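**Student:** What follows is a predicted structure for the sequence shown.
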Amino acid sequence: MKELYNLIRDIPDFPKKGIIFKDITPLLKDEKAFEKVIKILADNIPDSTKKIAAIESRGFIFAGALAFLLKKGFIPIRKTGKLPYKTINYTYQLEYGTDTIEIHSDAIEKGEKVVIIDDLLATGGTAYAAAKLVEKCGGVVEKIVFLIELSALNGEEKLKDYQIFSLLKL
């Protein structure tokens, strides 16, 4: 696991002053590390899951690979204005402002079990918004899975009503 931690690069003052961005590009370009991450994340997705939802944009990287590997449907959760069909949206607080995400209104059938994937758990606002979108569509959030959790920001508190898994805790 240490090799995975070593492949996360800190970029200070991005996207704005005071934020330390966790750059996963070194991990992604290492085929063995990327394969290891996908296998570990796959092992943490219940068999009963019907769809994998991912939060734009880095969540797509992991969710696409996992949906293919596990033979599950893939649902993109995107920023406002990026989806071409009827959508449901949710506005939430970020650690550095506010944002709005949306999902196609017909992405999930009532009662379908969904796992949400994102690259990073910080304050939990984005994942919480994604979970609310899944529920508004009639889905059941089975689990929320992250590559990285920034433990000091206590994002798991915002997600206390959901089962979460974070591969790397920083």
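**Tutor:** Thanks, I have the structure now. Numbering: from 1, shown residues only.

**Student:** for the lowest-mean-pLDDT helix or strand in the chain, which positions count as buried?
**Tutor:** Within the chain, no helix or strand scores below strand 87-94, which has a mean of 86 by mean pLDDT, DSSP states H and E. Buried residues in strand 87-94, counted by 16 or more other Cβ atoms under 10 Å: 87-90, 92. Just so you know, the C-beta spots here come from the backbone N, C-alpha and C atoms, and that holds for glycine as well.

**Student:** Tell me the helices and strands packed up against it.
**Tutor:** Packing partners of strand 87-94 (3 or more Cβ pairs under 8 Å, 6 or more residues apart in numbering; DSSP states H and E): strand 97-104, helix 125-136.

**Student:** deepest of the ones you listed, which one?
**Tutor:** Mean neighbour count (mean count of other Cβ atoms under 10 Å) peaks for helix 125-136 among the helices and strands packed on strand 87-94, with a mean of 22.

**Student:** got the CA positions of that one in PDB?
**Tutor:** In PDB, the C-alpha atoms belonging to helix 125-136 read as follows (Å, rounded to 0.1, in the frame of the first residue of the first chain):
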ATOM      1  CA  GLY A 125     -20.400  17.700   0.300                       C
ATOM      2  CA  THR A 126     -20.100  16.300  -3.200                       C
ATOM      3  CA  ALA A 127     -20.600  12.700  -2.300                       C
ATOM      4  CA  TYR A 128     -23.600  13.700  -0.100                       C
ATOM      5  CA  ALA A 129     -25.100  15.600  -3.100                       C
ATOM      6  CA  ALA A 130     -24.500  12.600  -5.300                       C
ATOM      7  CA  ALA A 131     -26.300  10.300  -2.800                       C
ATOM      8  CA  LYS A 132     -29.200  12.700  -2.700                       C
ATOM      9  CA  LEU A 133     -29.500  12.600  -6.500                       C
ATOM     10  CA  VAL A 134     -29.400   8.800  -6.500                       C
ATOM     11  CA  GLU A 135     -32.200   8.800  -3.900                       C
ATOM     12  CA  LYS A 136     -34.300  11.400  -5.800                       C
END
